[in-house]
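**Q** The sequence and its predicted three-dimensional model are supplied below.
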Amino acid sequence: MTDDLITTDHPLNADQQAVLTALLDTLIPPSDDGLMPGAGSLDLVRHLREGGDNNEEMLVGLVDQFDAAFSTFDADARESAVQAFSTSQPELFEWLLMNTYMMYYKTDQVLEGIGMSAGPPFPRGNTIIDGDISSLDRVVERGKSYRPA
Amino acid sequence: MEDDPVDVLIIGAGASGAAVAWSLAETRMRIVCFEQGDWMNPSEYPSNQSNWESQSYGPYAINPNTRGRDTDYPINNEDSAVDVVNFNGVGGGTIMYAAHFPRLHPSDFRVKSLDGVADDWPISYDDLEPYFVQNDRMMGVSGLAGDPMYPPKQPPLPPIPLGLVGETVARGYDKLGWHWWPSDSAILSRPYEGRDECKNLSPCMTGCAQGAKASTDITYWPEAIRAGVELRTRHRVREITVNDDGMADGVIYYDEEGTERFQKAEVVILASNGVGTPRILLNSKSSQFPDGLANSSGLVGKNLMFHPIGFVQGVFEERLDSHKGPAGCCILSKEFYETDESRGFVRGYNMQITRGSGPLTTAAAGYRAGLIPWGRGHHEAFRKRFDHVAGIGVLCEDLPEEHNCVTLDPELVDSDGIPAPKISYTLSENSIRMLNHGLDRAEEVMEAAGAVEITRSGQLRESGWHLLGTARMGDDPETSVVNSWGRSHDVKNLFIVDGSVFVTSGGVNPTSTIQAIALHVADTMKKNLANLFD
């Protein structure tokens, strides 16, 4: 059985998916300390679908603008290719980058990696210190400071 | 189609509409409020969901042109240095505001007498003081008494936590010997009137999921409705109509299905903000009022004031937990609030200390500012800034100028075909000097506080939160639109209670003062019911 016989609603074939994974890992690579995943390990298509973004055709067209061997390039060559793309197609690049950031920075593993708690803010909430207001004595000592009217 | 007549029709269910409705409810008149938006459901606010931050770039964007809900109307900002930001729904702008809740100062009502610019208000701080107190109680304001920059006042709740951000920036002010004080915030620091204290979620400006932030859908409106006021959503007013005597007699509006209807009313109160109110008045043309209703002075839509705003951000080596806590409420400084002409400008500004952003906005804004790259340097640059920043917003007094205005766009219309507003606005030389002075001082504060990196952003484009001055109050019908209690000089049963009536802008967030004015107008109406139209 070959890939051609598998029915799927994924807009990218296997080669295109490899390019997209490399592309996303170029935008946000895994961190050296292993705490942060590369963006390529996350599912951009799913993110777009969850957000109601119907630009899958645009994504396919974007991926097809990269060399089919892009995923085999070294990091310098990938960055050069993406840099060139960002200059030649700034709006398309901006769309990809912002969606990559939106996908990445809502992921629990990422949030925990940057010191946040996983999941949405509510109902979890956060604790912060009250803070020291003792130096307000200095302000109060200035006396009435508003302008009479 | 014509509806049953009502005694009082309020247009807009936001900050001022809610306050005036609640206050008038005790009269037992038949009071109805038309709101073009919907009731909000806090369980649907973004902070309930993992993609909470990205929703602020879409369905919860502050800019109605970006948000594009069918309850919004488009605004042409092409001739403006500032984009209008707002929200249309029950609660209005209070759904998305930061809830920073300072009052105007006494001097703000006397700028002509004190500084020889603009005009004095026909009312004073003392006139509004009891309504500030009443409003603080209704909204649930947290703060600290004793600020020497104000006449004595006692917020009903203690201040919200400074957090590491407030404590760190306060050290900078202390080193410089400058004023700072915990902000008055319309956010609960303690449980209050059935609402829980703030859990420091952070994304206040996409709606407060827990109800600690005071939006009028959860403060004034439940009480007003219990007292008999009727609130009808998805009712969009096109124009106010007049009878042969030149009195307002109702409104033409569109219901949820887009059907044109007529609502008869004895009294009409506009509470549609400093852009929406002049839009309705200018759309209300008739043979008696060919230039728009209540516009014999020619000032409807003129003198639009926003508050020029710029930001300075400091990056600190230590972690400040910047993403935690109310984003726009922390501490403030009034060191440069009052006029000192040696600075090269008149009037002054407020310094509003802000906490940091969530991770998405940190990354996106950092990219656009050239501070956080994509690629191999991303994580290092991101970690250096995320949760390590504090901000100072410099919010300047904006003096009235007639060329800054709201007009009707000749082509742009909303989904009901009603002509949309067009904004024309430039910053004055005085504002530019003031803003630059404030940004310089904010940098000094950050340096004194120990910031290792400081960046500044000049006038922000998407910063038109404060919509003021477009139907100013005054004693002279030739130089003002309404009198000292919000009644139109031209149409005796037409009142305005929103930010349109501001004579000058002051240098602080205006919601507290807008609501105090609405309560003042309502109270004066109640005292004059027997001769309301004399």
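**A** That came in fine, so what should we check first?
**Q** Summarise which helices and strands the strand or helix carrying residue B:222 is packed against.
**A** Element membership for residue B:222, per DSSP states H and E: helix B:220-226. Counting contacts by 3 or more CB pairs under 8 Å, 6 or more residues apart in numbering or on different chains; DSSP states H and E, helix B:220-226 is packed against helix B:15-24, strand B:230-232. All C-beta spots, glycine's among them, are computed from the backbone N, C-alpha and C.
**Q** of those, which approaches residue B:313 most closely?
**A** Of all these, helix B:15-24 sits nearest to residue B:313, with 28.8 Å by CB to CB.
**Q** Which other helices and strands does the closest one contact?
**A** If you count contacts as 3+ CB pairs under 8 Å, 6+ apart, helix B:15-24 packs onto strand B:6-11, strand B:31-34, helix B:125-139, helix B:220-226, helix B:511-527.
**Q** Could you list the residues in contact with it?
**A** With contact meaning CB atoms under 8 Å, 6 or more residues apart in numbering or on different chains, helix B:15-24 is reached by B:8, B:10-11, B:13, B:31, B:33, B:35, B:91-94, B:135, B:138, B:216-217, B:219-221, B:223-224, B:227, B:229, B:231, B:269, B:271-272, B:497-499, B:511, B:514-515, B:517-519, B:521-523, B:525-526.
**Q** Can you list the buried residues in the helix holding residue B:222?
**A** Judged by neighbour count using 16 or more other CB atoms under 10 Å in any protein chain shown, the buried positions of helix B:220-226 are B:220, B:221, B:224.
**Q** what mean pLDDT would you report for that helix?
**A** Mean per-residue pLDDT for helix B:220-226: 98.
**Q** Would you check that residue B:87 makes contact with residue B:93?
**A** Yes. With contact defined as CB atoms under 8 Å, residue B:87 counts as touching residue B:93 (5.5 Å).
**Q** so where is the stretch 251-400 of chain B shaky, pLDDT-wise?
**A** By pLDDT under 70, the stretch 251-400 of chain B contains no weakly predicted segment.
**Q** Show me what from it comes close to chain A.
**A** Applying CB under 8 Å from any CB of the partner chain, we find that the stretch 251-400 of chain B lies next to chain A at B:319, B:321, B:323-325, B:334, B:338-339, B:358-360, B:363-364, B:367, B:374-376, B:378-379, B:382-383, B:386-387.
**Q** circling back: outside of the helix holding residue B:222 itself, list whatever touches it.
**A** For helix B:220-226, using CB under 8 Å, 6+ apart, the contacting residues are B:13, B:18, B:19, B:21, B:22, B:25, B:90, B:91, B:138, B:231.
**Q** distance of the residue nearest the centre of chain A from residue A:48?
**A** Residue closest to the mean C-alpha point of chain A, counted by CA atoms, centre = their mean, is residue A:101 at 1.9 Å. Remark: distance between residue A:101 and residue A:48 (CB to CB, to the nearest Å) = 13 Å.
**Q** What's the PyMOL syntax to select whichever of the residues of the stretch 251-400 of chain B next to chain A are buried?
**A** Buried residues among these (16+ other CB under 10 Å), as a PyMOL selection:
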select buried, chain B and resi 321+323+324+325+334+338+339+358+359+360+363+364+367+374+375+378+379+382+383+386+387
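**Q** What about the residues of the stretch 251-400 of chain B next to chain A, which are in helices?
**A** Assigned to helices by DSSP state H, the following of these qualify: B:359, B:360, B:363, B:364, B:367, B:378, B:379, B:382, B:383.
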